[in-house]
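Asks: Predicted model and sequence below, questions to follow.
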Amino acid sequence: MRRFMLVAAMLGSVSAAQAADMPDLPILRGGFTDGLSASRTSWQGYYVGGQVDYGNIKSNISPVMNSDLQATFKTPGPTYSWWQLPAEAKSNNTGFGAFAGYNGQWDDVVLGIEANYSHFGFKSTAASTGRTWDNANNIISTTASSAIVGISDFGSLRARAGYAWGCFLPYAFFGGGVGYQTVDRAVSASPPPVLPATTSASQSKLVYGYSAGLGVDVMLMGGLFVRAEYEFQRVTSSIESNINTIRAGLGYKF
């Protein structure tokens with residue numbers, strides 16, 4: 001028994017001496033987790049970029065908006081039958097544009113202002129055809145009526161709010177803007193009227209509206225970033241138009 005106790009005491013002394021000579025290990029201090037933190041991308045500063053768009057437009061048409069043109073047709077015999085226009089005109093198209101803005105960043109919160117411009121090819125069309133029959137069920141006159149509403153350009157000034165998450169910046173925006181709208185109207189009839197008639201009319205003007213949407217910017221390298229975005233635009237004028245657009249963009253932050 002005394003020999004066993006003597007051996008145990010000797011082993012304990014050797015272990016204590018070795019432990020005293022060993023350097024501190026990081027795991028004893030929790031050192032393996034020291035220095036690990038999520039990297040934060042800086043979105044502070046000015047930026048510019050370009051974009052491509054795809055969207056659809058819906059315009060509210062007055063069913064009787066061509067009544068002034070129709071009234072100029074004097075029938076050669078049978079009465080012309082004019083059908084009303086559909087109340088809504090639609091179309092899809094692509095576009096392109098550019099953007100520029102400034103971001104301020106406070107920790108992960110990013111607030112900014114941006115100017116955005118899009119050139120569209122939207123031309124929403126509403127059309128109707130009317131016919132008149134005699135008692136023998138023969139067509140004695142045919143009429144056609146149409147209205148085309150085009151939005152070619154729209155520029156807006158937006159306020160943006162986002163949250164920086166690594167290299168991602170999801171954001172929401174709201175703003176107001178101005179666009180360029182054209183309205184082309186036309187009517188025709190067969191057989192032709194006895195007297196010359198007004199068959200077409202066109203009007204172009206600046207229109208105002210607002211936009212709102214969601215998007216995400218993704219930093220690639222340096223200041224280069226890509227963008228994906230959805231935007232809703234409403235143009236308020238005598239003919240109201242709603243535009244839904246998705247777009248992809250490429251930008252650079254200085």
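Replies: Received the coordinates, thanks.

Asks: Is the nearest residue to Ser237 once chain neighbours are set aside bridged to anything, and to what?
Replies: Of all residues not flanking Ser237 in the chain, Val207 sits nearest, at 4.1 Å (C-beta to C-beta, 6 or more residues apart in numbering). Yep, even glycine has a C-beta here, placed from its N, CA and C like the rest. Under DSSP bridges, the beta-bridge partners of Val207 are Gly179.

Asks: who are the neighbours in contact with Val207?
Replies: Residues in contact with Val207 (C-beta atoms under 8 Å, 6 or more residues apart in numbering) are Ile151, Val178, Gly179, Tyr180, Gln181, Val235, Thr236, Ser237.

Asks: of these, closest to Ile113?
Replies: Val178 (16.7 Å; C-beta to C-beta).

Asks: Quickly note the distance from the closest one to Ser237.
Replies: 11 Å (C-beta to C-beta, to the nearest Å).

Asks: who touches both of these two?
Replies: Val207, Tyr208.

Asks: close enough to count as contact, Thr245 and Glu231?
Replies: Yes: using C-beta atoms under 8 Å, Thr245 is in contact with Glu231, at 4.8 Å.

Asks: got any residues that touch both of those two?
Replies: By C-beta under 8 Å, 6+ apart, no residue touches both Thr245 and Glu231.

Asks: Low-confidence stretches in the chain?
Replies: Judged by pLDDT under 70, the chain has its weakly predicted residues at 1-39, 78.

Asks: All the strands of it, residue numbers only.
Replies: For the chain, applying DSSP state E gives strands covering 45-60, 88-106, 109-133, 139-163, 168-190, 200-221, 224-236, 241-253.

Asks: Reformat the ones you listed as CSV; add distance to Lys74.
Replies: Shown next, in CSV, are these (distance: least, C-beta to C-beta, whole Å):
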stretch, distance to Lys74
strand 45-60, 31
strand 88-106, 29
strand 109-133, 15
strand 139-163, 12
strand 168-190, 10
strand 200-221, 17
strand 224-236, 37
strand 241-253, 34
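
Asks: Which stretch among these approaches Ser81 most closely?
Replies: The nearest among those, by C-beta to C-beta, is strand 109-133 at 4.2 Å.

Asks: what's that closest one packed up against?
Replies: Strand 109-133 sits against strand 45-60, strand 88-106, strand 139-163, strand 168-190, strand 241-253, with contacts defined as 3 or more C-beta pairs under 8 Å, 6 or more residues apart in numbering; DSSP states H and E.

Asks: repeat that with 7 Å
Replies: For strand 109-133, the contact count by 3 or more C-beta pairs under 7 Å, 6 or more residues apart in numbering; DSSP states H and E identifies strand 45-60, strand 88-106, strand 139-163 as packing neighbours.

Asks: closest one to Gln70 among those strands?
Replies: Judging the helices and strands packed on strand 109-133 by C-beta to C-beta, what sits closest to Gln70 is strand 139-163, at 7.0 Å.

Asks: how far is that closest one from where the chain is centred?
Replies: Computed by C-alpha atoms, centre = their mean, to the nearest Å, the chain-centroid distance of strand 139-163 equals 15 Å.

Asks: quick one, that strand and strand 88-106 angle?
Replies: Here strand 139-163 runs at 10 degrees with respect to strand 88-106, directions being taken by axes from the mean of the first three to the mean of the last three C-alpha atoms, to 10 degrees.
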